[in-house]
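**Student:** pasting a predicted model and its sequence here:
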Amino acid sequence: MTLNLQSTTTLHNGVKMPWFGLGVFKVQEGEEVKNSVKWALEHGYKHIDTAAAYKNEQGVGEAIKESGIPREELFVTSKLWNGNQGYDETIAAFETTLQQLGMDYLDLYLIHWPVPEQNKYKESWKAMEKLYHDGKIRAIGVSNFKEHHLDDLLQEADVVPMVNQVEYHPHLTQKSLHDYCKKHQIQLEAWSPLKQGEILSEPVLKEIAERHGKSPAQVILRWDLQNEVVTIPKSVKQHRIHENADVFDFELSQQEVDQLNQLNKDERVGPDPDEMNIT
């Protein structure tokens, strides 16, 4: 799998999505998020992932505008927050997101969580299908959906989600969900690929990292890519943003990939999607 920072996967509707990007979860609005995005774009990143819930869409949009990079060369994702689910609410929330970003379209829009207790994600999906057919979003998808949520959605969906962004790292490989997504041509994408740093002390990870002259974080990000999972590590430090992207000059052996796969504990650092509530 020969890749570089601009390499893309082709979603089932033909849209090309970069395998690697910058996530901005918990990055403060203003200078912090603007700097993070600016440093990423200057380094060659083409993919930025934000969300209404992160409250930093404005800064993301400003950094992109100030970069001078043509909008069509970038891939920008945002997400619909839980309290804004429902048909009309989704349309309104999407328009707010566009205004915040200062853009007239999104490359990818995701339902952030299924929130089963309110059971509105199918209404939201209908609204997203309309926005997609109207040309305001190039691809639509979901985030944190388990197989049963997807099964439920697909019973009524006219458009199969192009992406499912979920917590994914060697302690939570979600193999069954990954297989399900492959079967339905839904691209899996990893959030919290480094498990907020909790996984970096695994002895086998350190061993593999030393063998390749890389950091444990770089090994995990490479493992994501070799498992055909889009990955969006977050950082607010320029050297770390550069370091995270330095994963295209080495390759893990199949044995090393298998060793990391075997670290799975079905252990989450974020909420269980079946229990995530409106707030």
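**Tutor:** That came through, no problem.
**Student:** burial of E228, as a residue count?
**Tutor:** Applying other C-beta atoms under 10 Å, we find 14 residues neighbouring E228. In short, each C-beta sits where N, CA and C put it, glycine included.
**Student:** isn't it up against L3?
**Tutor:** No: with contacts counted by C-beta atoms under 8 Å, E228 stays clear of L3, the gap being 10.7 Å.
**Student:** in the stretch 51-200 of the chain, which spans are strands?
**Tutor:** 75-80, 106-111, 137-143, 163-167, 187-191 (DSSP state E, counting those that start in this stretch).
**Student:** where does the stretch 101-250 of the chain have low pLDDT?
**Tutor:** By pLDDT under 70, the stretch 101-250 of the chain has no low-scoring segment.
**Student:** can you give me the helices in it?
**Tutor:** Ranges of helices in the stretch 101-250 of the chain, per DSSP state H, counting those that start in this stretch, are 121-133, 147-154, 175-183, 203-212, 216-226, 238-244.
**Student:** okay if I get the strands of the stretch 51-200 of the chain as JSON lines plus distance to D249?
**Tutor:** Listed next are these as JSON lines, based on distance: least, C-beta to C-beta, whole Å:
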{"stretch": "strand 75-80", "distance to D249": "23"}
{"stretch": "strand 106-111", "distance to D249": "27"}
{"stretch": "strand 137-143", "distance to D249": "29"}
{"stretch": "strand 163-167", "distance to D249": "26"}
{"stretch": "strand 187-191", "distance to D249": "21"}
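**Student:** Serialize those to TSV and add fields for distance to L22 and mean neighbour count.
**Tutor:** Converted to TSV, those look like this (distance: least, C-beta to C-beta, whole Å; neighbours: other C-beta atoms under 10 Å):
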stretch	distance to L22	mean neighbour count
strand 75-80	10	26
strand 106-111	14	26
strand 137-143	16	24
strand 163-167	14	25
strand 187-191	12	24
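**Student:** what is the burial count for H178?
**Tutor:** 18.
**Student:** tally of neighbours for V247?
**Tutor:** With other C-beta under 10 Å as criterion, V247 counts 27.
**Student:** ugh, typo on my part, it should be T97
**Tutor:** Count around T97 with other C-beta under 10 Å applied: 22.
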